[in-house]
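**Student:** all I have is the shape, not the residue letters:
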Ligand code: P6P
């Protein structure tokens, strides 16, 4: 693969000579600049005295880490600076913010997903979703299939931006000496078959029957109905777990469970499940909520939660079959 910067990629994402829409390209470049800034803050950790609690809570009722707030402020300032964001919504704020009236895009983000891992130096990340701007108070409530672009930046051993404009999935790794995002992945494909599942096993007794049946099949290994042994991973950082699935296959699950039966799941639809589902589908995988494909969900609330089962096509299809049995 010829080495291209993010800007060069956006000038010809499909390789057919057609550039990404100018305003979309400028928003994605600005997002990458913010990810570089957040990556630096994350990498300094205790040295920058940014670990620990901010002493505040968010709309989710979760304690905010200082880095959550700093990342959120960085992204909101970026949204305003671009001039192409009509309004922005964040996991960290109750309501969407009006930014630039008449601008073409809506920006949604989880500024620092997995923040419970911050103090223990485990990979975390920023997740973002870009929708076409619409008039009216429910402008954000568009299905995931409407996304103009989606992506995440994982802050791990490398800082890597993974992006889709709806024309395949590309990856860009930040080169520390220059801070430049250089393309390191093109037309990323998730292997249809896998031997790796990711779920928080401590919740097993609370799962719905089809989820329990699927995991039991995996645990039965080569003596069971799947006739192969499985491995398990759980980083408890969605960005890191999904990055692994995009990189080598697997299935990532945070399904509904009986602990809070009125809640559809833990993860949020608009700025976690939808962007991740677009990436996964664009890479040949599937993303299911127990009833339908996640990208087909018609949202009813900015912070609504959803049950998530996504990754390798064969595994998600097995889960779909068990849910319709
Ligand atoms: P648990 C991080 O807080 C997060 O929202 C996701 O990134 C992650 O997959 C999940 O929660 C982990 O949840 O219950 O295993 O701590």
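**Tutor:** Perfect, thanks for sending it. What you see is a predicted model, and the numbers here were worked out from it, not measured in a lab. Numbers count the residues shown, from 1 in each chain.

**Student:** flag every residue of the stretch 51-200 of the chain that's near the ligand.
**Tutor:** Residues of the stretch 51-200 of the chain found near the ligand (Cβ under 6 Å from any ligand atom) are 113, 114, 116, 200. To be clear about C-beta, it is placed using only N, CA and C from the backbone, and glycine gets the same treatment.

**Student:** against residue 15, how distant is the last one?
**Tutor:** Residue 200 sits at a distance of 40 Å from residue 15 (criterion: Cβ to Cβ, to the nearest Å).

**Student:** then residue 325?
**Tutor:** Distance, residue 325 to residue 15, by Cβ to Cβ: 43 Å.

**Student:** in stretch 50-64, what counts as buried?
**Tutor:** Buried residues in stretch 50-64, defined by neighbour count with 16 or more other Cβ atoms under 10 Å: 50, 51, 54, 58, 64.

**Student:** how far away is the spatially most central residue of the chain from residue 173?
**Tutor:** When Cα atoms, centre = their mean is applied to the chain, the residue found nearest the centroid is residue 276 (4.0 Å). Distance of residue 276 to residue 173, computed by Cβ to Cβ: 19 Å.

**Student:** any low-confidence regions in the chain?
**Tutor:** Along the chain, segments meeting pLDDT under 70 span 1-2.

**Student:** of the buried residues of stretch 50-64, closest to residue 295?
**Tutor:** Closest approach to residue 295 among the buried residues of stretch 50-64 (Cβ to Cβ): residue 58, at 25.4 Å.

**Student:** contacts only, for that closest one.
**Tutor:** Residues near residue 58 by Cβ atoms under 8 Å, 6 or more residues apart in numbering: 64, 68, 91, 92, 93.

**Student:** okay if I get the buried residues of stretch 50-64 as a markdown table plus distance to residue 272 and secondary structure?
**Tutor:** Listed next are the buried residues of stretch 50-64 as a markdown table, based on distance: Cβ to Cβ, whole Å; DSSP: H, G, I helix; E, B strand; the rest coil:
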| residue | distance to residue 272 | secondary structure |
| --- | --- | --- |
| 50 | 23 | coil |
| 51 | 23 | coil |
| 54 | 20 | strand |
| 58 | 14 | coil |
| 64 | 17 | strand |
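
**Student:** redo these as TSV? Include distance to residue 80.
**Tutor:** TSV is the format used below for the buried residues of stretch 50-64 (distance: Cβ to Cβ, whole Å):
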residue	distance to residue 80
50	22
51	27
54	21
58	20
64	21
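
**Student:** among the residues of the stretch 51-200 of the chain next to the ligand, who's most crowded?
**Tutor:** For those, counting by other Cβ atoms under 10 Å, the largest number of neighbours falls to residue 113: 27 neighbours.

**Student:** residues near the nearest residue to residue 265 once chain neighbours are set aside, how many?
**Tutor:** Leaving aside its sequence neighbours, residue 265 sits nearest to residue 307 (Cβ to Cβ, 6 or more residues apart in numbering; 3.8 Å). If you count neighbours by other Cβ under 10 Å, residue 307 ends up with 23.

**Student:** kindly report the same for residue 15.
**Tutor:** Residue 15 sits with 11 neighbouring residues when counted by other Cβ under 10 Å.

**Student:** state the distance from it to the ligand.
**Tutor:** 33 Å (Cβ to the nearest ligand atom, to the nearest Å).

**Student:** quick one on the thing from earlier: from the contacts of residue 58, which ones fall inside strands?
**Tutor:** Within the contacts of residue 58, residues falling in strands by DSSP state E are residue 64.
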